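[1] please work out how this folds:
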Amino acid sequence: MIAVPGTGTTGQLSRLLAPGALRTVFQPVFRLDAEIRSVEFVEALTRGPAGRWERPGVLFGYARQRGAEPSIDRAAFRAALSAAGVLSSRVSVSINVHAATLERDPSFPAFIVMTAGEAGIGPRRLIVEIVEHAPSLGGPNLKSSLQALRTAGVRIAVDDVGLGHSNFRM
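    Numbering: from 1, shown residues only. Okay, here's the model as predicted:
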């Protein structure tokens, strides 16, 4: 876990970051061609503890308010890769990551590759889906993080293009 200013390590945030607090469900994305009908990949959807934290808007909204996107993204990534162990080795996995995380946490690409390796999932099976809830950062750290992921073989996508700040400029 990286230190995020203003979040501390006590209280609700530490409960959300505790091992096993986050869980993952998978949503299949299908390819529907005339001749081919198959699962193209699955999107890992993170859910918090039972109650109001199960709603992603509440969970990730809280993380944004606390400036804790990198910590929550690391916990969500670990949970997703752990859960992905039951999937076929032919299925790719898409996992959301905040643009703010890629901008503020330069070690995040290495964390992704290391965590995927520990889970037995090659980086070529991963799709990092960038989530943006603030005006485009587009800074040098974001660009560097994206290049590091591409170099490792991780595919990049933009989540919900056209909604909110996640636009065609991003």
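
[2] buried stuff in stretch 122-136?
    For stretch 122-136, a neighbour-count test (16 or more other C-beta atoms under 10 Å) marks 123, 125-133 as buried. In this view, the C-beta of every residue, glycine as well, is placed from N, C-alpha and C.

[3] tell me which residues are up against it.
    For stretch 122-136, contacts defined as C-beta atoms under 8 Å, 6 or more residues apart in numbering pick out 41, 43, 60, 64, 89, 91-100, 102, 112-113, 116, 149, 152-160, 164-167, 169-170.

[4] go on, stretch 13-32?
    In this structure, residues lying in contact with stretch 13-32 by C-beta under 8 Å, 6+ apart are 1, 7-8, 37-49, 53, 59, 62-63, 66, 68, 71-72, 75-76, 79-80, 82-84, 87, 93-94.

[5] which of those residues are buried? Put it as a ChimeraX command.
    Buried subset of those, written as a ChimeraX selection, criterion 16+ other C-beta under 10 Å:
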select :7,41,42,43,44,45,46,47,48,49,53,59,62,63,66,68,71,72,75,76,79,80,82,83,84,87,93,94
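
[6] ranges for the helices of this structure?
    For the chain, the helices defined by DSSP state H occupy 11-17, 56-65, 69-83, 99-104, 108-118, 140-152.
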